[in-house]
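[1] Just need the structure, nothing else, for what follows:
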Amino acid sequence: MKRPGPLLTLLAGLVLGLSLLALDATTSTKSPTSPYRDRSPGPAPVRSPVSPAPGPAATPSRAPDGDYAGRTDDGAAAIAVSVRDGRALAYFCDGRTQEAWLKGDVNDDGALRLTGRHGARLAATLRDGARIEGTVGVGGRPRAFTADRAKKPSGPWRATATVRSAKIDGGWIVLRDGSQVGVLTRDDKPSPAPRIDPHTGAVTVDGQRLTARPATP
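    Numbers count the residues shown, from 1 in each chain. Below is the predicted model of the structure:
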């Protein structure tokens, strides 16, 4: 049997060399430095939610202006309240010798805390602009009361003057039914007040004609 000649050996070496070159070229195309690497876009960035811009702050509603008149629950006295621009003035009297003027602010929630001379106090709530309910303390224990919204001439009235060298201070409450309760003080001495004309406020005190006017804060 004949051995393969030198020519066959040379051809086998050439084929092996070509195979190694082809393998090396294939491997180099998968290098990280290839200009044909994947350029597909990545996942979109996650954006934080944007909070809406705050709107204008709500403005608290102020208590509506108006006049209120009523009686204490025991029927022994009357009370009238005038509300203007967030302020309140109240007049309490029993039509004989007891009276008090009180004043203070009206809170946005309708609460009233009014004070007057000699420790007089009123604590009440304005409900829906229709009525005022609470208690008033003048010279004794607090009395519960209800004062409903009223139209002029109902409400508190007042007149001050000097008559025959006497200092006059009169207060009246005109109730919704037209009846009146009032106290007239002469030099700090209280007594029942004469009736006023609810249309003009005219009243005669000790022979002198005076004019009472609606009382407001």
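
[2] Isn't Thr97 up against Thr185?
    No: with contact taken as CB atoms under 8 Å, Thr97 and Thr185 are classed as non-touching, separated by 9.3 Å. To be clear about C-beta, it is placed using only N, CA and C from the backbone, and glycine gets the same treatment.

[3] who touches both of the two?
    Ser191 (CB atoms under 8 Å, 6 or more residues apart in numbering).

[4] okay, the two: which has more neighbours?
    The residue with more neighbours, out of Thr97 and Thr185 and counting by other CB atoms under 10 Å, is Thr185; that gives 18 against 13.

[5] what bridges to that one?
    When assigned by DSSP bridges, Thr185 has beta-bridge partners Asp169, Pro190.

[6] ok, it to Ala123 distance?
    25 Å (CB to CB, to the nearest Å).

[7] list the contacts for the closest residue to Glu133 other than its chain neighbours?
    Of all residues beyond its chain neighbours, the one nearest Glu133 is Thr146 (5.2 Å), with distances taken as CB to CB, 6 or more residues apart in numbering. By CB under 8 Å, 6+ apart, Thr146 lies in contact with 70-71, 73, 131-133.

[8] out of these, which are buried?
    70-71, 131-132 (16 or more other CB atoms under 10 Å).

[9] What is the nearest of those residues to Val81?
    Proximity to Val81 was ranked across the buried ones among the contacts of Thr146 by CB to CB; first place goes to Ile132, at 5.5 Å.

[10] what pLDDT, on average, does whichever helix or strand that closest one is part of get?
    Following DSSP states H and E, the helix or strand that holds Ile132 is strand 131-137. Mean per-residue pLDDT for strand 131-137: 97.

[11] likewise stretch 148-167?
    Per-residue pLDDT over stretch 148-167 has a mean of 95.

[12] likewise stretch 197-207?
    For stretch 197-207, mean pLDDT rounds to 95.

[13] Alpha carbons of it, as PDB, please.
    Output in PDB follows, covering the C-alpha atoms of stretch 197-207 (Å, rounded to 0.1, in the frame of the first residue of the first chain):
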ATOM      1  CA  ASP A 197     -93.800 106.400  67.100                       C
ATOM      2  CA  PRO A 198     -92.300 103.400  65.300                       C
ATOM      3  CA  HIS A 199     -92.400 105.300  61.900                       C
ATOM      4  CA  THR A 200     -90.700 108.500  63.000                       C
ATOM      5  CA  GLY A 201     -89.100 107.600  66.300                       C
ATOM      6  CA  ALA A 202     -90.800 110.600  68.000                       C
ATOM      7  CA  VAL A 203     -91.200 110.300  71.800                       C
ATOM      8  CA  THR A 204     -92.100 112.900  74.500                       C
ATOM      9  CA  VAL A 205     -90.100 112.800  77.700                       C
ATOM     10  CA  ASP A 206     -91.000 115.200  80.500                       C
ATOM     11  CA  GLY A 207     -92.800 117.500  78.100                       C
END
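
[14] Give me the helix or strand of the chain that scores worst on average pLDDT.
    Among the helical and strand segments of the chain, the one scoring lowest on mean pLDDT, DSSP states H and E is helix 6-28, with a mean of 50.

[15] Name the next helix or strand downstream of that helix, please.
    By DSSP H and E, the next helix or strand past helix 6-28 is strand 66-72.
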